[in-house]
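J.: A structural model of the following input is requested.
(one chain, ligands or ions: 2)
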Amino acid sequence: MTQSIDKELLDLAKEAMSKAYVPYSKFTVGAAIRTASGLLYSGCNVENASYPEGTCAEAGAIASMVRDGQTQIESIYVIGKGDELVTPCGGCRQRIREFSDTNTMIHICGPEGVRKSMTMEELLPFSFGPDNLK
Ligand SMILES: O=c1ccn([C@H]2C[C@H](O)[C@@H](CO)O2)c(=O)[nH]1
Ligand SMILES: [Zn+2]
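T.: Ligands and ions are numbered 1, 2, ... in the order given. Purely as a prediction, here's the structure:
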């Protein structure tokens, strides 16, 4: 399947990554979300001296989205430092899952563009979600 790159979202993720506060890991990450309603949100990772209390870029973007009253992710672009694929951590997979449906796409990027694209089901198979609590 060929997927056209959402340049606006890629640029937003890159710009967010440039704002990462990472004095400890020096590992910058940016995330950008396009909601089902077409609105855009972004986040960067924010670390602090109590290492485990840092927050991921995806968590920041989701918090910004929810603060604005939006709860449906159409696509999320994640970009991290280096040549490797920076896929969302386990906690962020669950965070993205909360606001996803079967059409939601996760795009893992580098500065050159999208390196790998996947569905939520591919990123977090057999997931636990809001429906389980109904
Ligand atoms: O998908 C990811 C993976 C890691 N990080 C952050 C957490 C920490 O600040 C740094 C190193 O793990 O990268 C993210 O923000 N998102
Ligand atoms: Zn995470």
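J.: who's Gly30 bridged to?
T.: Following DSSP bridges, Gly30 is listed with bridge partners Cys44, Ile79.
J.: Tell me the confidence at it?
T.: As predicted, Gly30 sits at a pLDDT of 98.
J.: Same question for Met1.
T.: Taking Met1 on its own, its pLDDT is 45.
J.: and what of Asp101?
T.: 96.
J.: Kindly report the same for Ser4.
T.: 83.
J.: Need the phi and psi values for Val86.
T.: Dihedral angles of Val86 (phi, psi; degrees, to the nearest 10) stand at phi -100, psi 90.
J.: Tell me how many other residues surround the residue lying closest to it once chain neighbours are set aside.
T.: Spatial nearest neighbour of Val86, excluding adjacent residues (CB to CB, 6 or more residues apart in numbering): Gly80 at 2.8 Å. Yep, even glycine has a C-beta here, placed from its N, CA and C like the rest. Neighbours of Gly80 under the rule other CB atoms under 10 Å: 22.
J.: same thing with Lys14?
T.: Lys14 has 17 neighbouring residues, counting by other CB under 10 Å.
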